[in-house]
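Q: Need the 3D shape of this:
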Amino acid sequence: MKLRNIALDLIIPEEKFRKDFENDTFIMSIGRDGVEDPLTVEGPTAEGRYILVEGYRRFVSAQSSRLEKIICLVEDITDEKTRVIKRLKKELFHKKRTGFEIERMVKYLHKHYKIVDIAKLLGVTPSTVRRHLTTSEVSPDIRRRAEEANVGKQALGKLVKLSNIDLDVKNDLVEDYLNKEFNGNDVDSIALLTKLTDYKKLEKSDQYECVYDLLEHKKSVTNTSRVFVALRLLRKDFKLHAHKTVFNYMISNLTSFLNNLHPNFIEHLSNEQKREINFLLFSILNKLKLLDRWEDFPQGKVTPIKLSQLTVNITPQKK
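A: From the prediction side, this is the model:
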């Protein structure tokens, strides 16, 4: 291997695994500072040219910056399969290419080698190789749109493979993912949701809405971390922002509870369940000192209500 300054017009990029792109920020950096890391090329060919192995972005940026020559690490000529293996060895660890570009390279090798052999050549496990083939069953149009939208390839593959779900709902979720309504981490949660046995029993519209109920809950769980801090602060001293955080959190939970009091839930509560809810509601009102503001309740301080003291209006359960 030798370091040489090579004219850009003598370098041949193998572009079939790449999508077209241009990084303006990187181009500006090269124009100002020059290229620090050399390209890796093979050559010279019989025609005196060099085949680009690694450094495609630097090569494109150097062209755009109108550089005449660029520093290169020159290796002996091999073949296309060997060059793809060289690129993949670096890309799998440096992750400069998109998942779709890596998949095209792995699929190319899969035409010539078995998965276990590809894994040995790349120094990875067979499962890693298989993971990069996860979207092989995705339609070409969806793949093209996903790459243009720059969304994660593996998450797209997981969405397409969902089985315990209405087909129209799945297609709608794929569209939402392409439009970046949710991200790859959300897809893992969606996959777990759709594996639930009862999920398949939901109506089509309920399946779709259930997914977004889950995603909203995920957001609230993220916000809950602020609540934990605020609760600790309030135990020590009054802080207005902490008080607002806890208040909003409690109102949100009470509103969610209220919105989910559907007839099928209410009408099938057991006597014991009603007593337990009654006890908790009275305890909340008592602790907030709201009971003594109601004309129908005793004035003055209200002592805590024991479960055994509660009288509950219980309606017969439907059979």
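Q: gap between Ile71 and Gln63?
A: Counting by Cβ to Cβ, to the nearest Å, the separation of Ile71 from Gln63 is 15 Å. Just so you know, the C-beta spots here come from the backbone N, C-alpha and C atoms, and that holds for glycine as well.
Q: ugh, wrong one, I meant Lys287
A: Distance of Lys287 to Gln63, computed by Cβ to Cβ: 71 Å.
Q: Which one's more surrounded, those two?
A: Gln63 (17 against 11; other Cβ atoms under 10 Å).
Q: pLDDT below threshold where in this protein?
A: 15-36, 95-97, 134-136, 220-222, 291-319 (pLDDT under 70).
Q: longest single helix anywhere in it?
A: helix 204-236 (DSSP state H).
Q: and it, what other elements does it pack with?
A: In this structure, helix 204-236 makes packing contacts with helix 167-178, helix 184-194, helix 240-259, judged by 3 or more Cβ pairs under 8 Å, 6 or more residues apart in numbering; DSSP states H and E.
Q: Restrict the last one to CA atoms and write it as CSV.
A: Extracted C-alpha coordinates of helix 240-259, given in CSV (Å, rounded to 0.1, in the frame of the first residue of the first chain):
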residue,chain,number,x,y,z
LEU,A,240,-44.1,26.8,42.3
HIS,A,241,-42.8,25.0,39.1
ALA,A,242,-42.7,21.7,41.0
HIS,A,243,-46.3,22.2,42.3
LYS,A,244,-47.6,22.9,38.7
THR,A,245,-45.8,19.8,37.4
VAL,A,246,-47.4,17.6,40.0
PHE,A,247,-50.8,19.2,39.7
ASN,A,248,-50.9,18.8,35.9
TYR,A,249,-49.8,15.2,36.3
MET,A,250,-52.6,14.4,38.7
ILE,A,251,-55.2,16.2,36.6
SER,A,252,-54.0,14.2,33.6
ASN,A,253,-54.4,10.9,35.4
LEU,A,254,-57.8,11.7,36.8
THR,A,255,-59.0,12.9,33.4
SER,A,256,-57.8,9.6,31.8
PHE,A,257,-59.6,7.7,34.5
LEU,A,258,-62.8,9.6,33.9
ASN,A,259,-62.6,9.1,30.2
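Q: circling back: and of the helices and strands packed on helix 204-236, who's closest to His94?
A: Of all these, helix 184-194 sits nearest to His94, with 19.6 Å by Cβ to Cβ.
Q: Just give me how far that closest one sits from the chain centre.
A: When distances are taken as Cα atoms, centre = their mean, to the nearest Å, helix 184-194 is centred 9 Å away from the chain's centroid.
Q: and that helix, what does it pack onto?
A: If you count contacts as 3+ Cβ pairs under 8 Å, 6+ apart, helix 184-194 packs onto helix 153-160, helix 204-236.
Q: Same list (these) but as a markdown table, adding distance to Glu103 and mean neighbour count.
A: Shown next, in a markdown table, are those (distance: least, Cβ to Cβ, whole Å; neighbours: other Cβ atoms under 10 Å):
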| stretch | distance to Glu103 | mean neighbour count |
| --- | --- | --- |
| helix 153-160 | 6 | 21 |
| helix 204-236 | 26 | 14 |
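Q: Make TSV out of those helices and add distance to Ala119.
A: Compiled in TSV, the helices and strands packed on helix 184-194 are given as follows (distance: least, Cβ to Cβ, whole Å):
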stretch	distance to Ala119
helix 153-160	17
helix 204-236	34
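Q: what are the ranges of the strands in the protein?
A: With strands called from DSSP state E, the chain shows them at 2-7, 11-13, 39-42, 50-54, 69-75.
Q: who wins for proximity to Val129 among these?
A: Closest to Val129 of the strands of the chain is strand 50-54 (Cβ to Cβ; 20.1 Å).
Q: Which other helices and strands does the closest one contact?
A: When contacts are defined as 3+ Cβ pairs under 8 Å, 6+ apart, strand 50-54 packs onto strand 11-13, strand 39-42, strand 69-75, helix 80-94.
Q: Tell me which of those is the most buried.
A: strand 39-42 (a mean of 22; mean count of other Cβ atoms under 10 Å).
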